[in-house]
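Student: Return a 3D structure for these sequence lines:
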Amino acid sequence: MTEQAWREQMCAVGRRLYAKNMVAATDGNISVRLGEDRYLCTPSGVSKGDMQPEDMLVADGQGRKVEGKGKVTSEFFTHLAAYEERADITAVVHAHPPVATALTLVGIDMTKPIVPEVIMGLLAIPTAGYATPGTVEGSGVVREPIRQFDAVLLQSHGAITVGDSPYAAYLKLEKVEHTAQVLQSAYLLGTPRQLSAVEVEKLMRFHATPGEETPQYPFL
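Tutor: Next up is the predicted model:
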């Protein structure tokens, strides 16, 4: 895709984030890897529902602005950590899905094998440790989980998702929040049933490489 096309997709994703209540005010940020040491990112202090393609900034691998007006988002170092750990990804989205964030506040674990679609699609949704928002601390806590998982909750501070495009990363974030809503309802109604080891093994076959053994679910 061209840089202009990426800019337009970032704006479209920003509007979806805002419409779905994944962000409030000027929260959240989106980035795209354009090439070696060159990234598109959303500017600081701008509502994700109001962004225009020309608002996007270009930053380097040290988080310094190369092109554009405004400031590089303070969360960009967390994005950079994801890119450094994952050569296979092109985009990163960070937002504050309210129910998923609430689950981290009360210690509800989203890695328990309860919702089958999560195991099939995302494998699991772990929670990284707490980091002060808007600081380089975020890059430290996200590195280990993002190596294996495309969606990671940040303790008390939303979630980060990765993919081969901003839209792909956004869809994973949507799945995170939908799953959180399902779990919220389940815990209000009672104690949700965890899937059995046999049921989990069947779901893990979706992640198997042809000719190799089915991988183990990492949280059993």
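Student: Check which helices and strands the lengthiest strand in the chain is in contact with.
Tutor: Among the segments of the chain that qualify as a strand by DSSP state E, the longest is strand 29-35. Judged by 3 or more CB pairs under 8 Å, 6 or more residues apart in numbering; DSSP states H and E, the packing partners of strand 29-35 are helix 3-19, strand 38-41, helix 76-85, strand 91-95, helix 166-189. Just so you know, the C-beta spots here come from the backbone N, C-alpha and C atoms, and that holds for glycine as well.
Student: The second one: which residues count as buried?
Tutor: Taking 16 or more other CB atoms under 10 Å as the neighbour-count basis, strand 38-41 is seen to contain the buried residues 39-41.
Student: Pick out whichever of those sits closest to A82.
Tutor: In terms of CB to CB, no member of these lies closer to A82 than Y39, at 11.0 Å.
Student: of all the helices and strands packed on strand 29-35, which lies closest to K112?
Tutor: Going by CB to CB, the one of the helices and strands packed on strand 29-35 nearest K112 is helix 166-189, 8.7 Å.
Student: Centroid-wise, who is the farthest residue in the chain?
Tutor: G211 (30.5 Å; CA atoms, centre = their mean).
Student: which one is the residue nearest the centre of the chain nearest to, not counting chain neighbours?
Tutor: What sits nearest the mean C-alpha location of the chain, by CA atoms, centre = their mean, is T161, with 1.6 Å. Counting by CB to CB, 6 or more residues apart in numbering, T161 lies nearest to K172, which is 4.1 Å off, once chain neighbours are set aside.
Student: ok, that neighbour - contacts?
Tutor: 121-122, 150-151, 161-163 (CB atoms under 8 Å, 6 or more residues apart in numbering).
Student: and which of those residues is nearest M22?
Tutor: Of all those, T161 has the smallest distance to M22: 10.5 Å, by CB to CB.
Student: Residues contacting whatever helix or strand that closest one lives in, please?
Tutor: Using DSSP states H and E, T161 falls within strand 159-163. With CB under 8 Å, 6+ apart as the test, strand 159-163 has contacts from 78-79, 82, 86, 89-97, 100-101, 125, 142, 146, 150-154, 169-173, 176.
Student: Report the separation between the residue farthest from the centre of the chain and Q148.
Tutor: For G211, the distance to Q148 (CB to CB, to the nearest Å) stands at 21 Å.
Student: what's around K112, how many residues?
Tutor: 16 (other CB atoms under 10 Å).
Student: Correct me if wrong: it contacts F219.
Tutor: Yes. Between K112 and F219 a contact is recorded at 7.1 Å, counting by CB atoms under 8 Å.
Student: mind checking the end-to-end distance for stretch 142-156?
Tutor: Its first and final residues considered, stretch 142-156 spans 13 Å by CA to CA, to the nearest Å.
Student: Good, wrapping up.
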